[in-house]
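> sequence? don't have it. structure:
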């Protein structure tokens, strides 16, 4: 083909939007596939996960509570920070008392939050009250921060007539409507797609609200987690997927939970922003949550937050973690580097807290919590007929019959049942 | 030969997808509901969804492929009319769809989720049974997801085999907190679906897919609901009580006509409509009258919902019974492909059961 002809042909192709072609070299065309907007390449290259840099862990405070970069200090004043500190300690003191009460046989079951106090208080502080929380089960500090009292926690643990959940669930499965927190449920990860749907619904009428969904790195393996994250990204749901990576799912360490770079690395796979930070650093947790909330709300999209931490306590009172991890390892995170210690150190450096403050506060808190414990322990249980309520919104005929059957049975055999522990019906 | 053959114009033999094993019996619309339009079942369901979306700004319809109209056309035209915010596709994940729906409903949105086939509802079983059903109960009524409705095509379609024919109502009937509903035709589908959507409990609405096109009748154009947990006596009778739901009701109506004509036996046909919580009073009253009962369902015999009804009837109507309660059901196998004509509880097996009941004593 002559040069003139070739040029004319090229112009013709460009004018009519046909890709031009050169006779003397093979140039590739843009990729037309609907599945991705990516380019072709001549290079066959695998992406090897081990060659990809791991996502670094953002922090402001080091393990001793010293500020590494002053620009990261959120700048809380004395009242603000000591308040947050008190909530962290209150969570911890309540945990200790309720854990011991289970060992004593006074409640049937308990789960502690040791080591995760900064995650709970720091993140809760960064949210607005109207941001709906979907918990897993290790977020008691979030409940307390939002006004759910230790007494109310205990009513739930004892299953008393004052429990908001009306004695329907085992301990720590709080129902937190007064705190704008959804009910804790045992199946892991089920809350994650619910959080996405909830966010979708809320955003229809409020563009300044987000949903925060907490879950552990173990629950993140559930199919529900994958389904939820994909849906949230596709449907632009303003939800914070807040992963508490505390190193263990009962006895399963992270090496048996996932092979990739934690949970944050999955964000790019779903098409959502992700951040990893030091969960034991109250300031890092606060900063990351605040920034993530802003991102989620302004851009109306989900965000993955991965808080690195350590589960100091056993999984629950049914677990003895000495069976699968060393006492030394636990001890380090329980005494040397704890979220509470770091903030106490910071507060002390600032002159905002002292040994005597600490002693006094712990003593007062312990007294308050023990008083609440005693009150809950002596509160009557719900009337057994309440068992039939709320399976459906109204009592269907089958339950009306069954309820009557129980009433008749109890009339014949009152002594065989702990009716004296229960409230009478009004 | 196991499939029906037709001679084509060229004279060669062709197998066709099995024609329906029953004749659809169109219902007469209730006069008080006024003006009607001839609609098939996917159109009447579409109409119900349209009404729901129009009357409730919080209503959303979502699931796989609903945006273009859905694989059975139930959501045709809805995205154009209401926008992509309210009628939208989801990624391919039933557990995600139902979990998402629960969350949306808990936020006060009238969430209408579609599962593409009832056979695929199982990834969402945990969300339905452990979450949706227990959402209100476990929270002491602080929270609920009553605004959730899950719709799914259900039942034999002639060629659906293992994974496009299932009737999973029995799994969900065992779960307190859910409602499970099955319509027998377009009029019922519209009224029952609107009831499910408005009901303050999570509802599963199973739509007999074979009826989507095949069932057409005059459907009232206005808004109406058919109450849940109320069975309907579709044909009055005195000798035998026949209980079914969905497609099988039409088989039973045919059998009732045959029984009258051939045997002089008068059958009362009851459409249960709501599987759970079910209308025990209506079926008990009927069986006390007739003394003979048969429950028919496509789902496999063992632990099918007929077992619950049979247990209930023998408990409540024992002294009225002249024969044991009969069940006619699919065999205890996965739903087979080429064997479908032999698998279903068809009119011949039902008629034989009528004779068995009449001859029992």
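Good, I have the coordinates. It should be emphasised that the depicted structure is a prediction, and the values quoted were computed from it without experimental measurement. Numbering: from 1, shown residues only, chains lettered A, B, ... in the order given.

> Any buried residues in stretch B:22-36, and which?
Buried residues in stretch B:22-36, counted by 16 or more other Cβ atoms under 10 Å in any protein chain shown: B:22, B:24-25, B:27, B:29, B:36. Yep, even glycine has a C-beta here, placed from its N, CA and C like the rest.

> Please produce JSON lines containing the residues you listed, extended by pLDDT, distance to residue B:335 and secondary structure.
Putting these into JSON lines (pLDDT from 0 to 100; distance: Cβ to Cβ, whole Å; DSSP: H, G, I helix; E, B strand; the rest coil) gives the following:
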{"residue": "B:22", "pLDDT": "93", "distance to residue B:335": "17", "secondary structure": "coil"}
{"residue": "B:24", "pLDDT": "94", "distance to residue B:335": "21", "secondary structure": "coil"}
{"residue": "B:25", "pLDDT": "89", "distance to residue B:335": "24", "secondary structure": "coil"}
{"residue": "B:27", "pLDDT": "93", "distance to residue B:335": "27", "secondary structure": "coil"}
{"residue": "B:29", "pLDDT": "94", "distance to residue B:335": "33", "secondary structure": "coil"}
{"residue": "B:36", "pLDDT": "97", "distance to residue B:335": "35", "secondary structure": "strand"}
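
> From these, pick the one nearest chain A.
Nearest to chain A out of those is residue B:27 (Cβ to the nearest Cβ; 25.9 Å).

> Hmm, the closest one is touching residue B:183, no?
No: using Cβ atoms under 8 Å as the test, residue B:27 is too far from residue B:183 to be in contact (10.5 Å).

> Most widely separated two among the buried residues of stretch B:22-36?
B:22 and B:36 (23.6 Å; Cβ to Cβ).

> Now do the same for residue 194: its pLDDT.
All of this refers to chain A. pLDDT for residue A:194: 98.

> actually it's chain B I care about, not the one you picked
Per-residue pLDDT puts residue B:194 at 98.

> Excluding covalently adjacent residues, which one is nearest to the residue in the stretch 251-361 of chain B that chain A sits nearest to?
Nearest to chain A in the stretch 251-361 of chain B, going by Cβ to the nearest Cβ, is residue B:277, at a distance of 3.6 Å. What sits nearest to residue B:277 in space, not counting adjacent residues and going by Cβ to Cβ, 6 or more residues apart in numbering or on different chains, is residue A:396, at 3.6 Å.

> Please apply the same query to residue A:422.
Using Cβ to Cβ, 6+ apart, the closest residue to residue A:422 is residue A:381 (4.8 Å).

> tell me the contacts of that neighbour?
By Cβ atoms under 8 Å, 6 or more residues apart in numbering or on different chains, the residues touching residue A:381 are A:158-161, A:167, A:418, A:421-423.

> now those residues: which count as buried?
Among the contacts of residue A:381, the ones that count as buried by 16+ other Cβ under 10 Å are A:158-161, A:167, A:422-423.

> Between those residues, which sits nearest chain B?
Distances from chain B to the buried ones among the contacts of residue A:381, taken by Cβ to the nearest Cβ, are shortest for residue A:167, at 7.9 Å.

> Could you confirm the closest one falls within a strand?
No: according to DSSP: H, G, I helix; E, B strand; the rest coil, the state of residue A:167 is coil, so it is not within a strand.

> wait, isn't it in contact with residue A:157?
No: assessed by Cβ under 8 Å, residue A:167 is found out of contact with residue A:157, at 10.6 Å.

> before we move on, back to that, need the per-residue pLDDT for the residue of the stretch 251-361 of chain B closest to chain A.
98.

> Surely it and residue A:392 touch.
Yes: Residue B:277 is within contact range of residue A:392, at 7.1 Å (criterion: Cβ under 8 Å).

> Neighbour count for these two, which is higher?
Counting neighbours by other Cβ atoms under 10 Å in any protein chain shown for residue B:277 and for residue A:392 shows that residue A:392 has the greater number, 25 against 22.

> Can you tell me the closest non-neighbouring residue to that one?
For residue A:392, ignoring the flanking residues on the chain, the nearest one in space by Cβ to Cβ, 6+ apart is residue B:201 at 4.9 Å.

> ok, now residue B:115?
The shortest distance from residue B:115 to any non-neighbouring residue, by Cβ to Cβ, 6+ apart, is to residue B:152 (4.1 Å).

> distance of the one you found from chain A?
Counting by Cβ to the nearest Cβ, to the nearest Å, the separation of residue B:152 from chain A is 17 Å.

> quick one: whichever helix or strand that residue is part of to chain centroid distance?
For residue B:152, the host element (DSSP states H and E) is strand B:148-154. In terms of Cα atoms, centre = their mean, to the nearest Å, the centre of strand B:148-154 is set 10 Å apart from its chain centre.

> Strand partners (parallel or antiparallel) of that strand?
Partner strands for strand B:148-154, per DSSP bridges, with pairing direction: strand B:111-114 (parallel), strand B:203-208 (parallel).

> which one of those strands is the most hemmed in?
strand B:111-114 (a mean of 29; mean count of other Cβ atoms under 10 Å in any protein chain shown).

> Tell me which residues are up against it.
A:197, A:201, B:49, B:52, B:59-64, B:66, B:70, B:74-75, B:97-98, B:100-102, B:104-105, B:145, B:147-152, B:197.

> Quick check: mean pLDDT of that strand?
Strand B:111-114 shows a mean pLDDT of 98.

> among the buried ones among the contacts of residue A:381, which are in helices?
residue A:158 (DSSP state H).

> What is the nearest of the buried ones among the contacts of residue A:381 to residue B:247?
Within the buried ones among the contacts of residue A:381, proximity to residue B:247 (Cβ to Cβ) peaks at residue A:167, which comes in at 43.3 Å.

> Show me the longest helix that occurs in the chain.
If you meant another chain, say so; for now it's chain A. Criterion DSSP H: the longest helix present in chain A is helix A:78-103.

> Chain B is the one I meant
Under DSSP H, chain B gives helix B:41-55 as its longest helix.

> Show me what counts as buried in that helix.
For helix B:41-55, by 16+ other Cβ under 10 Å, it's B:41-53.

> same question, stretch A:182-189
Within stretch A:182-189, the residues scored as buried using 16+ other Cβ under 10 Å are A:182-185, A:188-189.

> Which ones among those also lie next to chain B?
Residues of these in contact with chain B (Cβ under 8 Å from any Cβ of the partner chain): A:182-183, A:185.

> Using JSON lines, lay out those together with pLDDT.
What follows is those, written out as JSON lines (pLDDT from 0 to 100):
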{"residue": "A:182", "pLDDT": "98"}
{"residue": "A:183", "pLDDT": "98"}
{"residue": "A:185", "pLDDT": "97"}
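
> quick one on the thing from earlier: right, and the strands paired with strand B:148-154 - which one's nearest residue A:147?
Of all the strands paired with strand B:148-154, strand B:111-114 comes closest under Cβ to Cβ, at 29.0 Å.

> Show me how far the helix or strand that the closest one is followed by is from its chain's centre.
As assigned by DSSP H and E, the chain's next helix or strand after strand B:111-114 is helix B:125-126. Centre-to-centre, helix B:125-126 and its host chain are 20 Å apart (Cα atoms, centre = their mean).

> for the longest helix of chain B, packing partners?
Contacts defined by 3 or more Cβ pairs under 8 Å, 6 or more residues apart in numbering or on different chains; DSSP states H and E place helix B:41-55 against strand B:60-63, helix B:78-82, helix B:186-198, strand B:203-208, helix B:211-214, strand B:216-220.

> Point out where the stretch 1-150 of chain A drops to low pLDDT.
Flagging of the stretch 1-150 of chain A using pLDDT under 70 yields the residue ranges A:1-27.

> just the residues of it that are near chain B, which are they?
The stretch 1-150 of chain A comes close to chain B at residues A:132, A:134, as judged by Cβ under 8 Å from any Cβ.

> Do a quick rundown of the strands in the stretch 1-150 of chain A.
Secondary structure of the stretch 1-150 of chain A (DSSP state E, counting those that start in this stretch): strands located at A:132-134.
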